[in-house]
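1. 3D model of this:
(2 chains)
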Amino acid sequence: MTREYPEEIAGPYDPPPREFEDQEGRRITVRRYDDGLETLVEMYREFNPEDRAQGIPPAKEPQIRTWLEELLSADCVNVVAWHEDRPTGHAILVPDGEGASELAIFVLREYQGAGIGTELLESLLGAGRKEGIGHVWLTVERWNSPAVALYQKVGFVSTENGNFELEMAARLTDSDDDRS
Amino acid sequence: MKTLLGIGGSEDSLYALKKAIRRAKQAGDDLTIAIVENPEAEPTQTEIRDRIAEELSAAEFDAEITTLSGHPGSELVDLAERGSFDRIVLGGGETSPLGKVKLGEIAEFVLLNARTTVTLIR
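-> A predicted model of the protein is given here:
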């Protein structure tokens, strides 16, 4: 699919780790994730079904496992926000096989609206850029305005490719695409 | 029941073809398969026609096959009304690298504009 990326480079953002106090006064740490499946399975078992979008995360544990196994494979970039030893948010970049990466982010309901999403996305984009990723896209349901606002804040613009969903893209480097 | 399957050649529409034939056979439905123009799909209309013939003979089932030219969504909706179909059946969308379900343009148009029941096959 041809996709228009903005001229302007997003950020650039620093890769993780980063530590901050969220708007509820909780101490949150964002780190690259390489801890294996179980901790994240726990997080997604707690995930509020109302916050699912476009079919993910899957609702049942076996499907959650299969889905996470793919995301934790070597060529994906995973970043997790921790409150003490509890994972509260997860953001991912997955190569699309066409020279760019697809992005998604999930934050547990009780940690939403506290600024964690912004830090998580900035960390993920910073980590992605460090890995040589220059082009990132995502789709979001058109009516999900808090999510659209968050994506705009970190540098995504609408590509007008979407149907039900809005497609947005961000540039991390000035190269033409990510194929070497 | 009179069922209209729309197929444009995308992965999900080929999967829907297989399932729709099986269901129509089980339920004893009257199935019409309409080949539509999907510029985003790879197979040609002749290839799709061959694939349909293969699936029908494998299932030992018979269906009417028709080709619609022009805007696929509106042609399907139109045919469903003219032909007094009870249901339009389509593929349920493709999945992104991350696993997000993305509805095709044809499915989106038919869902919003059809007066009949619409079934998306996953």
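2. would A:Leu124 count as being in a helix?
-> Yes: judged by DSSP: H, G, I helix; E, B strand; the rest coil, A:Leu124 forms part of a helix.
3. In contact with it, which residues?
-> A:77, A:79, A:91-93, A:103, A:105 (Cβ atoms under 8 Å, 6 or more residues apart in numbering or on different chains). Backbone N, C-alpha and C define where each C-beta goes, glycine included.
4. Same check on A:Lys153?
-> A:Thr118.
5. still on that earlier bit, out of the contacts of A:Leu124, which is nearest to chain B?
-> The closest of the contacts of A:Leu124 to chain B turns out to be A:Ile92 (Cβ to the nearest Cβ; 6.7 Å).
6. how would you label the closest one: helix, strand or coil?
-> Going by three-state DSSP: A:Ile92 is strand.
7. Let me know the pLDDT of it.
-> Per-residue pLDDT puts A:Ile92 at 98.
8. ok, and of the contacts of A:Leu124, which contact chain B?
-> A:92, A:103 (Cβ under 8 Å from any Cβ of the partner chain).
9. CA atoms only for the helix or strand of chain A with the lowest mean pLDDT, dumped as PDB, please.
-> Of the helices and strands making up chain A, the lowest-confidence element is strand A:165-171, at a mean of 85, by mean pLDDT, DSSP states H and E. The C-alpha coordinates for strand A:165-171 follow below in PDB (Å, rounded to 0.1, in the frame of the first residue of the first chain):
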ATOM      1  CA  GLU A 165     -10.400   3.300  10.900                       C
ATOM      2  CA  LEU A 166      -8.100   6.300  10.600                       C
ATOM      3  CA  GLU A 167      -4.600   5.500   9.400                       C
ATOM      4  CA  MET A 168      -1.700   7.600  10.700                       C
ATOM      5  CA  ALA A 169       2.000   7.700   9.900                       C
ATOM      6  CA  ALA A 170       5.100   9.200  11.500                       C
ATOM      7  CA  ARG A 171       8.700   9.700  10.200                       C
END
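10. any bit of that strand sitting next to chain B?
-> Yes: Strand A:165-171 is in contact with chain B by Cβ under 8 Å from any Cβ, via A:Glu165.
11. Packing partners of that strand?
-> strand A:135-141, helix A:145-153, strand A:157-158 (3 or more Cβ pairs under 8 Å, 6 or more residues apart in numbering or on different chains; DSSP states H and E).
12. Pull up the pairing partners for the last one, direction included.
-> Counting by DSSP bridges, the strands paired with strand A:157-158 are strand A:165-171 (antiparallel).
13. can you pull the contacts of the residue lying farthest from the centre of chain B?
-> For chain B, the largest distance from the centre (Cα atoms, centre = their mean) belongs to B:Leu98, which lies 25.3 Å off. Residues counted as contacts of B:Leu98 (Cβ under 8 Å, 6+ apart) are A:56, A:71, A:92, A:94, A:102-104.
14. top of the residues you listed by neighbour count?
-> Using other Cβ atoms under 10 Å in any protein chain shown as the neighbour test, those are led by A:Leu103, with 27 neighbours.
15. Secondary structure element holding that residue?
-> If you go by DSSP states H and E, A:Leu103 is part of strand A:101-107.
16. Other residues contacting that strand?
-> So strand A:101-107 is contacted by A:44, A:47, A:51, A:56-57, A:77, A:81, A:88-96, A:116-117, A:120-121, A:124, A:128, A:133, A:135-138, A:178, B:96-98, B:100 (Cβ under 8 Å, 6+ apart).
17. again, only using 6 Å
-> Strand A:101-107 is contacted by residues A:89-96, A:116-117, A:133, A:136, A:138, B:96-98 when judged by Cβ atoms under 6 Å, 6 or more residues apart in numbering or on different chains.
18. Check stretch B:13-28 too.
-> B:3, B:5, B:7, B:31, B:55, B:59, B:61, B:89, B:91, B:121.
19. So in chain B, where's the weakest helix or strand by average pLDDT?
-> strand B:101-102 (a mean of 86).
20. Leaving out chain neighbours, which residue sits closest to A:Gly155?
-> A:Ala10 (2.7 Å; Cβ to Cβ, 6 or more residues apart in numbering or on different chains).
21. Chain neighbours aside, what residue packs nearest to A:Arg32?
-> Per Cβ to Cβ, 6+ apart, closest to A:Arg32 is A:Pro16, 5.5 Å.
22. so who does A:His90 touch?
-> Taking Cβ under 6 Å, 6+ apart, one finds A:80, A:106 in contact with A:His90.
23. Dig out what it forms beta bridges with.
-> Bridge pairing for A:His90 - DSSP bridges - gives A:Val80, A:Phe106.
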